[in-house]
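Enquirer: quick one: sequence plus predicted model below, questions after.
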Amino acid sequence: MPPEQILKKEDASLDLALRPGRWDDYIGQEKIKRNLRVLIEAARKRKEPIEHVLLYGPAGLGKTTLANLIAKEMGAALKVTSGPAIEKVGDLAAILTNMEEGDMLFIDEAHRLHKVVEEMLYPAMENGTLDIILGKGPSARTLQLQLPRFTIIAATTRAGLLSSPFRSRFGATHRLEFYQKDEIKKIIARSAALLGANLLDEAVDVIADASRFTPRVANRILKRVRDYAQVHDHEPVTRDVAHKALAMMDIDPIGLEATDLRILETIISQYHGGPVGLKTIAASTSEEVETIEDIYEPYLLQIGFLARSMKGRIATKDAYAHLGIPFEAGQNQGTLL
């Protein structure tokens, strides 16, 4: 097995080990947790499955972890799939007909479900029935199967791409927000303890500042800081060691990576700060539109380095300042959204 595949498998197993296994270990998203606890407790008292749940928000905020915790709290089996994996209605039929009473189906990247597959889910979610068409043409007939009571938990980074009929069939819809710095620091401290990494508070602070307010990013940086400290025999990990590890990864003190900087520099240098369309930015930076929109743009918007206008994306005055580029009055006149 190539070394890079070994590293990916090791990181995947570490991610599972760092994932909270109970409510008390899940830090942040307090309002969502309160609502879900009520939903779960009420379903328990009625001795029935909970309503279908939709979780949406930027990547890395804990949607999959929440799905696992919900299933664990309900004592239910959780079957996992994703939108792109369900290519045909037959794939969905195979999954649903293998569900048992009280089971949960987690669909990641639900916005990438094929429309035909999505429409097949409507009666399954609403009435617990599965309509299968047998044959073609005038001789075709519909076979209706009764499904056991089950719950769908769908996760997406782009809720706007879900059709209205699909969204309306979820009894509970929750948006996960970016985390506060104090919450991220608690997550880093917990993960460091699980990894056996000895970090000073000042190093935790540095990692939190570079975490993009996202637990997944915080844990990824923590693992690389731990590696750097172990290789160079630095223990405990100090602020300087954390900064050196970040520099090695090409991550600046506020979490901007090479692609973030390239996006901002492209908007400023090639398009005079904007407004410029997302497809144009993608072509200029050799990135996919979806990658920019799902991975990079949310954080740049959150920290105020990027703004949306009717005509496209705009680099803000703060972005100019961070890159050390003079900002001229009168720039960026697009109407902000």
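Expert: Great, that's in hand. Computed from a predicted model, the values in this text were never measured in an experiment.
Enquirer: wait, residue 171 sits on residue 53?
Expert: Yes: at 7.4 Å, residue 171 and residue 53 qualify as touching, with contact defined as CB atoms under 8 Å. (Each C-beta comes from the backbone N, C-alpha and C, glycine too.)
Enquirer: might one say that residue 55 is in contact with residue 63?
Expert: Yes: in terms of CB under 8 Å, residue 55 counts as a neighbour of residue 63; the distance is 4.4 Å.
Enquirer: which one's more surrounded, those two?
Expert: When residue 55 and residue 63 are compared for neighbours, residue 55 comes out ahead with 28 against 23, by other CB atoms under 10 Å.
Enquirer: what is the host helix or strand of that one packed up against?
Expert: In this structure, residue 55 sits in strand 53-56 according to DSSP states H and E. Other elements packing on strand 53-56 under the criterion 3 or more CB pairs under 8 Å, 6 or more residues apart in numbering; DSSP states H and E are helix 63-74, strand 151-156, strand 172-175.
Enquirer: dump those into a markdown table; add mean pLDDT and distance to residue 322 as well.
Expert: As requested, those are arranged in a markdown table below (pLDDT from 0 to 100; distance: least, CB to CB, whole Å):
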| stretch | mean pLDDT | distance to residue 322 |
| --- | --- | --- |
| helix 63-74 | 92 | 30 |
| strand 151-156 | 93 | 30 |
| strand 172-175 | 93 | 28 |
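Enquirer: residue 210 is nearest to which of the ones you listed?
Expert: Closest to residue 210 of these is helix 63-74 (CB to CB; 21.3 Å).
Enquirer: report the distance from that closest one to the chain centre.
Expert: The chain centroid and the centroid of helix 63-74 are separated by 15 Å under CA atoms, centre = their mean, to the nearest Å.
Enquirer: after that helix, which helix or strand is next?
Expert: Assigned by DSSP H and E, the successor of helix 63-74 is strand 78-82.
Enquirer: which secondary structure elements does that next one contact?
Expert: With contacts taken as 3+ CB pairs under 8 Å, 6+ apart, strand 78-82 sits against helix 63-74, strand 104-108.
Enquirer: switch the cut-off to 6 Å
Expert: Here strand 78-82 is seen to pack against strand 104-108 when contacts are counted using 3 or more CB pairs under 6 Å, 6 or more residues apart in numbering; DSSP states H and E.
Enquirer: where do the helices of the stretch 101-250 of the chain begin and end?
Expert: Along the stretch 101-250 of the chain, the segments classed as helices by DSSP state H, counting those that start in this stretch run 115-126, 164-167, 181-195, 201-209, 215-231, 239-248.
Enquirer: mind putting these into TSV with mean neighbour count and distance to residue 27?
Expert: TSV is the format used below for the helices of the stretch 101-250 of the chain (neighbours: other CB atoms under 10 Å; distance: least, CB to CB, whole Å):
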stretch	mean neighbour count	distance to residue 27
helix 115-126	17	31
helix 164-167	14	28
helix 181-195	18	5
helix 201-209	21	12
helix 215-231	20	8
helix 239-248	18	20
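Enquirer: of the ones you listed, which approaches residue 89 most closely?
Expert: Checking the helices of the stretch 101-250 of the chain against residue 89 by CB to CB gives helix 115-126 as the closest, at 5.2 Å.
Enquirer: chain center to that closest one, what's the gap?
Expert: On the basis of CA atoms, centre = their mean, helix 115-126 is displaced by 24 Å from the centre of the chain it belongs to.
Enquirer: CA atoms of it as CSV?
Expert: Written as CSV, here are the backbone C-alpha positions of helix 115-126 (Å, rounded to 0.1, in the frame of the first residue of the first chain):
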residue,chain,number,x,y,z
LYS,A,115,-34.3,14.0,-9.1
VAL,A,116,-35.9,10.7,-9.9
VAL,A,117,-34.4,9.1,-6.7
GLU,A,118,-35.5,12.1,-4.7
GLU,A,119,-39.1,11.8,-5.9
MET,A,120,-39.1,8.2,-5.0
LEU,A,121,-38.3,9.2,-1.4
TYR,A,122,-41.5,11.3,-1.1
PRO,A,123,-44.0,8.5,-0.4
ALA,A,124,-41.4,6.5,1.6
MET,A,125,-40.8,9.5,3.9
GLU,A,126,-44.5,10.5,4.1
